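Participant: just to be clear, the model below is a prediction. Sequence and coordinates:
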Amino acid sequence: MTDTALKARPTKAAKPAFRPFIPASVSLPEFTVLHLVIGALLGVVFGASSLYLVLKVGLTVSASIPVAVISITLFRLLQRLGIAKASILQNNIVQTAGSAGESIAFGLGVTMPAIMILGFDMEIARVMLVAVLGGLLGILMMIPLRRALIVEQHGILKYPEGTACAEVLKAGATREEHEIGQEASGAQTEAEVARGARTIVTGFGLGLIYKLCEGVFKLWKDTPEQVFAAPLAKASIAAEISPELLGVGYIIGPRIAAAMAGGGVLAYMVLIPAIQFFGSAATAIIPPGTMPIAAMSPSDIRGAYILYIGAGAVTAGGLISLARAMPTIWRSLKASLGDFGVKTEAATPAAEIPRTDRDLSMKWVALGVVVLIAGILMAHSLRMNIAGALLIVLFGFLFVTVSSRLTGELGSSSNPISGMTVATLLLTCLIFLLLGWTGPTYYVTALSVGGIVCIAASNGGSTSQDLKTGFLVGATPRSQQLAIMIGALASAIALGPILLALNQAATVYVPQPAGPAALPPAAVASLPTEALAGPQHVQDGGVYHVWQKPDPSGGAATRYLVRGDGTLAYLVDPGINGHVKLRPDGTSVTKFDAPKATLMSYIIKGILNRQLPWALVLLGVMIAVVLEMCAIPALAFAVGVYLPISSSLPIFIGGAVRWIVDRRSRNMAHAETLSEAELAAQSDRSPGVLMASGYIAGGAIAGIGIAFSAGVLGAFDRDITKLMEGINPVFNGPWSDLLSCLPFLGLMAILFRAGSARKI
């Protein structure tokens, strides 16, 4: 320990003790079964909506504040009915258990779909193991850091989302709790909290109804599009006019939303027309394309060329953002490790430790980590070896520490979890390459390492945010740590099947023309078997062998159903990262792009196989470098290059609505007395953010329901589509692209009105 560090200790000891809202000497009901169950259920709901979002656009939004508001409102209603009530600490347990779903959904959506691109099935056991192991590992590794990051660094690490959530919980406290906390309370506070809850419920209902009208009843076209002719041939612009994407844009704000849309404009209005201009005269096929460029549609050009450029840009942007944060990361890591063990209370009897400073026993934490590592090694589906397990421990502790501290400094939205995952995969794959581990089995091992570390880092940041909320309101850390573990376990178990169901619901089985056998019958006999799923099972109930055909150019593996004689029966186009959007009977399906999962697969195959079209990838890298040289953060822009413009444009519209609302708020008289930080905090707690959260939850839940019901409602969907194509000019016709924007304008107007209302 340095002299400087030694001198710093008395200063820390002399710091006045922090007094939470509920003092340590006061005991209120806290860790109770009903509130824990409600929190876990809300975590699954918001986790499912977050998983839907991360598969579509690679983003999630924090669920803590919406869950807290819903909990306060729900238990006030139950109290009026004489059924149950909740203290501020019980509401905190609800939001703690409910916050785990979003972080696990992010890690699953970022990594697990890559397993299909690498040529393996997305098995339920593999997905659930990664979710459970990563989620619990992140929490356990964060627990020893609580005193260093939350207690010792109070006033230094702000934890913006955790602090905002604590304010929401305080606003919803009872008069008696306000008296305990020595803070003023009045009818206005209760009215404001009730109004915030109504705003979320209203947004949820609007998002749900809008999405059902659009996706089930086909009342209007879901994706207006315009493809341009010469001189800007093959350029196009489109927007998926959905409530969840509008809400995401509002929450992430105009800066990030505009950067993402800028990337989409570059891809669809510059790169695709440029490829068409230079390649249209070529009669030969230009790899990695599979047809002449002149015969390609904009989506074909995107799939053959732009995706690789976007992957390179996203990789470079993630690494650059991580590199720019390295000084902060290094200082954070040193400070955290330097403070680790300060005030451990090792010699203090448990009964004498204040309630607000009681953690889970470090013995149980260490035992839990050992058990999880043993589980990782014994899980056959993860294809894990001892080197991979050691890398999980090393990178897991490193990035949980970094993530937890960066969450305190920058907030969850600025925490570069994707960059940490990219760095984990790069280093893991380089180590495997040096060891000569380049076979397909090691693809799964590397992805398992990256997936577990990604979820651990993401959940570690969420755990630190929740513990900060608890620190401010006076919660018992041990109760929160148990609550988030139970919430994480519930979400991990539920989100795995949801991920597989989302993929299966949008899977299309494409019949293959008759031809010679693709495999010898002897090789077919050893392949696994499966039947068609979803609506197409009605037309063909046969059982076929599954063949994952590798792509020699390094692209995604192609999945086929093969007959016993080796001939191809069906091409299996998955719901995630698939390209076929019409079933043979004409029924349309909605695919998920999973942009960051594709990126992870490219990194693994690119390093271990050296078979990617590196020229295209390096073009993307240079786009990110040029942006950084222009002082423009590249990651959000790069994600926009990779995503369809139909996804980034509605996000941009949501960000534009937020910009107008914030600009209007800054012109109000009371805003003159507020600092920039106070204005930003006020905007983040505004009714507009709550309405946007409701849009996201309602739209995403409706989307999940529509996807799940595809197998049951396949005939209905086909019939209603045919009917609306014939009679509904808003769904099909020369003016449908324009007319379908009218309902979306209504959503925008409601969001603007909510954002312009008085802040809660």
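Facilitator: That came in fine, so what should we check first? Here the structure is a predicted model, which means the values were calculated and not measured.
Participant: name the SS class of V730, please.
Facilitator: Classification of V730 using DSSP: H, G, I helix; E, B strand; the rest coil returns coil.
Participant: near it, how many other residues are there?
Facilitator: Counted with other C-beta atoms under 10 Å, the neighbours of V730 add up to 19. For every residue, glycine as well, the C-beta is placed using N, CA and C.
Participant: can you pull the contacts of it?
Facilitator: Residues near V730 by C-beta atoms under 8 Å, 6 or more residues apart in numbering: 219-221, 736, 739-740, 742.
Participant: what's the local residue count around the residue lying closest to A379 once chain neighbours are set aside?
Facilitator: Nearest residue to A379 in three dimensions, chain neighbours excluded: L129, at 5.1 Å (C-beta to C-beta, 6 or more residues apart in numbering). L129 has 23 neighbours, counted by other C-beta under 10 Å.
Participant: what about L129, helix or strand, and which?
Facilitator: Using DSSP states H and E, L129 sits within helix 124-142.
Participant: quick check, L582 in contact with V589.
Facilitator: Yes: assessed by C-beta atoms under 8 Å, L582 is found in contact with V589 at 7.4 Å.
Participant: more crowded one of the two?
Facilitator: Ranked by neighbour count (other C-beta under 10 Å), L582 and V589 place V589 first, with 21 against 11.
Participant: check that one and give its pLDDT.
Facilitator: V589 carries a pLDDT value of 82.
Participant: list the contacts for the closest residue to it other than its chain neighbours?
Facilitator: In space, and not counting its chain neighbours, V589 is closest to A506: 4.5 Å by C-beta to C-beta, 6+ apart. Shown in contact with A506 (C-beta under 8 Å, 6+ apart): 574-576, 578, 589-592, 707, 710.
Participant: and the least confident of these?
Facilitator: A710 (57).
Participant: chain center to stretch 504-519, what's the gap?
Facilitator: On the basis of C-alpha atoms, centre = their mean, to the nearest Å, stretch 504-519 sits 32 Å off its chain's mean C-alpha point.
Participant: got the end-to-end distance for that stretch?
Facilitator: Terminal residues of stretch 504-519 are spaced 25 Å apart (C-alpha to C-alpha, to the nearest Å).
Participant: got the buried residues for it?
Facilitator: 504-510, 512, 518-519 (16 or more other C-beta atoms under 10 Å).
Participant: output the helix holding L129 as PDB, nothing but the C-alphas.
Facilitator: The C-alpha trace of helix 124-142 is given here as PDB (Å, rounded to 0.1, in the frame of the first residue of the first chain):
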ATOM      1  CA  ILE A 124     -32.600 -24.900 -24.300                       C
ATOM      2  CA  ALA A 125     -30.200 -26.400 -21.800                       C
ATOM      3  CA  ARG A 126     -27.300 -24.300 -23.200                       C
ATOM      4  CA  VAL A 127     -29.300 -21.000 -23.200                       C
ATOM      5  CA  MET A 128     -30.600 -21.500 -19.700                       C
ATOM      6  CA  LEU A 129     -27.300 -22.500 -18.200                       C
ATOM      7  CA  VAL A 130     -25.500 -19.400 -19.600                       C
ATOM      8  CA  ALA A 131     -28.300 -17.200 -18.300                       C
ATOM      9  CA  VAL A 132     -28.300 -18.800 -14.800                       C
ATOM     10  CA  LEU A 133     -24.600 -19.100 -14.400                       C
ATOM     11  CA  GLY A 134     -23.800 -15.600 -15.700                       C
ATOM     12  CA  GLY A 135     -26.600 -13.900 -13.800                       C
ATOM     13  CA  LEU A 136     -25.700 -15.500 -10.400                       C
ATOM     14  CA  LEU A 137     -22.000 -15.100 -11.000                       C
ATOM     15  CA  GLY A 138     -22.300 -11.300 -11.600                       C
ATOM     16  CA  ILE A 139     -24.300 -10.900  -8.400                       C
ATOM     17  CA  LEU A 140     -21.900 -12.900  -6.200                       C
ATOM     18  CA  MET A 141     -18.900 -11.100  -7.600                       C
ATOM     19  CA  MET A 142     -20.500  -7.700  -6.900                       C
END
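Participant: now it: how far from the chain's centre is it?
Facilitator: On C-alpha atoms, centre = their mean, the centre of helix 124-142 falls 16 Å from that of its chain.
Participant: which strands or helices does it pack on?
Facilitator: Judged by 3 or more C-beta pairs under 8 Å, 6 or more residues apart in numbering; DSSP states H and E, the packing partners of helix 124-142 are helix 88-111, helix 362-378, helix 386-410, helix 440-473, helix 477-505.
Participant: reformat these as TSV; add distance to G318 and mean pLDDT.
Facilitator: Formatted as TSV, the helices and strands packed on helix 124-142 follow (distance: least, C-beta to C-beta, whole Å; pLDDT from 0 to 100):
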stretch	distance to G318	mean pLDDT
helix 88-111	11	90
helix 362-378	25	87
helix 386-410	13	81
helix 440-473	12	89
helix 477-505	22	91
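Participant: look up the closest residue to the residue nearest the centre of the chain, ignoring the ones flanking it.
Facilitator: Centroid-nearest residue in the chain: F106, 3.2 Å away (criterion: C-alpha atoms, centre = their mean). Using C-beta to C-beta, 6+ apart and skipping the chain neighbours, the partner closest in space to F106 is T60 (4.7 Å).
Participant: any idea which of the helices and strands packed on helix 124-142 is most buried?
Facilitator: Highest mean neighbour count among these (mean count of other C-beta atoms under 10 Å): helix 88-111, with a mean of 31.
Participant: what's the angle from that helix to helix 477-505?
Facilitator: Going by axes from the mean of the first three to the mean of the last three C-alpha atoms, to 10 degrees, helix 88-111 is angled at 40 degrees with respect to helix 477-505.
Participant: how far does helix 88-111 sit from the chain's center?
Facilitator: Its chain's average C-alpha position is 12 Å from that of helix 88-111, according to C-alpha atoms, centre = their mean.
Participant: what does the very next helix or strand once past it contact?
Facilitator: Heading C-terminal from helix 88-111, the first helix or strand you meet, by DSSP H and E, is helix 114-117. Helix 114-117 has contacts (C-beta under 8 Å, 6+ apart) with 121-122, 126, 444, 447, 503, 556-557, 559, 574, 576-577, 597-598, 600-601, 604.
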